[in-house]
Each structure stands twice: as structure tokens, then as C-alpha cells.
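Novice: kindly generate the corresponding structure for this input.
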Amino acid sequence: MAETEGWKLQLKEAAFFQDFDDATLDLIVPHVTARTFDAGQYILRDGDPADLFYLVRHGTVAIELAAPPRGRLVLQTLTEGDLLGWSWLVPPYRWSFDARAVSLVRCLGFDAKRLRTLCQEDHDFGYALLQRYVRVMAARLTAARLQMLDLYAPTPVSNF
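Specialist: This next block holds a predicted model:
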């Protein structure tokens, strides 16, 4: 019980969850687990099932994409308070990118399957959650677009 109350307080501190009332947070908290990832460890892998999503509480996470022949392309860097993962919302519920811990990362993991079920059972909850998640998705898409512009920018011609 004390651990659950601690997670509820942590959720209230996170911008994503601040506007949720206590009753809504009480729906979410039972489906939260604490997770830790060491620097260099992959949190998500492209193609794997998207059964969890995360709230970063400490550390830095790089959202990456394989970009042959350039290697790994960092699309965005996440830090404390950021949400990691939105593929859990969209069938076939598989990650479409990699996420790697750049430093020691402590986060809260959310049972995505259970939250999808809650969204179907309680449409008001589902709508409120999706409204917030659309902002996360838009930010990720903007970051990917900007990275792609940089990736395909013409190489400056030298006058030498």
C-alpha cells in the first residue's frame, strides 16, 4: 500500500498526470511497477511487443532508429518527467523504434494491456488518456521529421 501511494505521488508530480483526479490515478496505480535500466541497456527494441510504457523518473533515454549506412540515428532524447512509448496504443502493439538508457534510468512502467482494457471499459478515462498521449505522439513525430530533414540535407559544397 505504501509503495502504491508513493507511485501516486510521483504521478501527481509528472506533467502528463497532473490533471488527473485521485479516482483516475487510483485506476492507474495498480498497473505500475518500478523499473531500472543500466547505461547502454535497451529498454525497448523495434518489433518487440509493446506491453509496457514508461515514465522516466531519473536519467536519460535515447530514442533510436537504425539508419543504414549511417548506423544508429537518435530521434529524441528523453529525461525526467518524459513518457517513453506510444506504440502500445496502436495495433499491432509492437515498438517501431529502439530506446536505450544513456545513463542509469529509473522509471515507472505501466501495464499497457491493462490500461488498454481500462480505456475500453471507461471511455471518459480513455479519452482523457488519449488526449494527453496525442501531444506526446506529435512531439515524437516532429522530432523524427526534423531529424529526417537533417539526415537528407544536402552536403555543403566546399569552395576549396
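Novice: ok, the residue nearest to residue 42 when sequence neighbours are not counted - how many residues close by?
Specialist: Nearest residue to residue 42 in three dimensions, chain neighbours excluded: residue 100, at 5.3 Å (CB to CB, 6 or more residues apart in numbering). (Each C-beta comes from the backbone N, C-alpha and C, glycine too.) Residue crowding around residue 100 was assessed by other CB atoms under 10 Å; the count is 20.
Novice: same deal with the one 5 residues further on?
Specialist: By the other CB under 10 Å criterion, the neighbourhood of residue 105 contains 26 residues.
Novice: can you list the buried residues in stretch 67-83?
Specialist: Buried residues in stretch 67-83, counted by 16 or more other CB atoms under 10 Å: 73, 75-76, 78, 82-83.
Novice: quick check, distance from that stretch to the centre of its chain.
Specialist: On the basis of CA atoms, centre = their mean, to the nearest Å, stretch 67-83 sits 12 Å off its chain's mean C-alpha point.
Novice: how about the buried residues of stretch 67-83 in CSV, adding secondary structure?
Specialist: As requested, the buried residues of stretch 67-83 are exported to CSV (DSSP: H, G, I helix; E, B strand; the rest coil):
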residue, secondary structure
73, strand
75, strand
76, strand
78, strand
82, coil
83, strand
